[in-house]
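*Asks:* Build me a structure from this.
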Amino acid sequence: MTDRYFTLDEVNALVPQLAARMNLVLQLHGHLRATCRALVLEGVRVTPEGLARGERVEAEGRARLRVAHARGIHDAVREAMAEIEAMGGQIKDVELGLVDFPTWLDGEREVVLCWRIGETRVEWFHDADAGFSGRTPTAGRRFSAAAGA
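*Replies:* The predicted structure is shown next:
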């Protein structure tokens, strides 16, 4: 799954910083989507996904400045997401604000601690392939940063 694993306490200690970064990502992402919608209304086809792929966008005049603005917002979103990833988080859904952190359940099974924007602490985990719908409460379980621990 990954080279870095976390205890529940380690992830909970990151939540304030994680929440601040994810709030920024969500704000910027919303602004980026709005900017792209405005450009589409002006006849310029641009999407956040296209910007991520580095697609070339043809635009003239004011629209050209808006495309440059959209690229700048996109870069700021990527930077904020990279900060979350540098903490060890795996962003699973930007719009839902979902971030997973790899851990060992009872020192034996790889799972992820699952945090969602608005939660003040991590209280859920799931198998890596189960996703959000497979969340199980962390209460009464032991999470370690190493196998066998």
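*Asks:* give the contact list for the one residue sitting closest to the centre of the chain.
*Replies:* Residue closest to the mean C-alpha point of the chain, counted by CA atoms, centre = their mean, is residue 91 at 3.0 Å. Residues in contact with residue 91 (CB atoms under 8 Å, 6 or more residues apart in numbering) are 25, 81, 84, 85, 98, 99. Backbone N, C-alpha and C define where each C-beta goes, glycine included.
*Asks:* In contact with residue 110, which residues are there?
*Replies:* Counting by CB under 8 Å, 6+ apart, residue 110 has contacts 1, 5, 102, 103, 104, 128.
*Asks:* wait, is it part of a strand?
*Replies:* Yes. Counting by DSSP: H, G, I helix; E, B strand; the rest coil, residue 110 is part of a strand.
*Asks:* Beta-bridge partners for it, please?
*Replies:* Beta-bridge partners for residue 110, by DSSP bridges, are residue 104.
*Asks:* So for the residue of the chain most remote from its centre, what's the pLDDT?
*Replies:* The centre of the chain is farthest from one residue, residue 61, which by CA atoms, centre = their mean lies 33.8 Å away. Predicted confidence (pLDDT) at residue 61: the value is 89.
*Asks:* what about it, distance to residue 42?
*Replies:* 10 Å (CB to CB, to the nearest Å).
*Asks:* Pull the most distant pair out of the contacts of residue 91.
*Replies:* Greatest spatial distance in the contacts of residue 91: 85 and 98, 13.5 Å, computed using CB to CB.
*Asks:* which of those two has more neighbours?
*Replies:* residue 98 (18 against 13; other CB atoms under 10 Å).
*Asks:* what bits of this structure have low per-residue confidence?
*Replies:* 1-2 (pLDDT under 70).
*Asks:* Can you show me the helices along it?
*Replies:* For the chain, the helices defined by DSSP state H cover 8-41, 48-53, 61-86.
*Asks:* wait, which of these is closest to residue 145?
*Replies:* Proximity to residue 145 (CB to CB) singles out helix 8-41 among those, at 6.9 Å.
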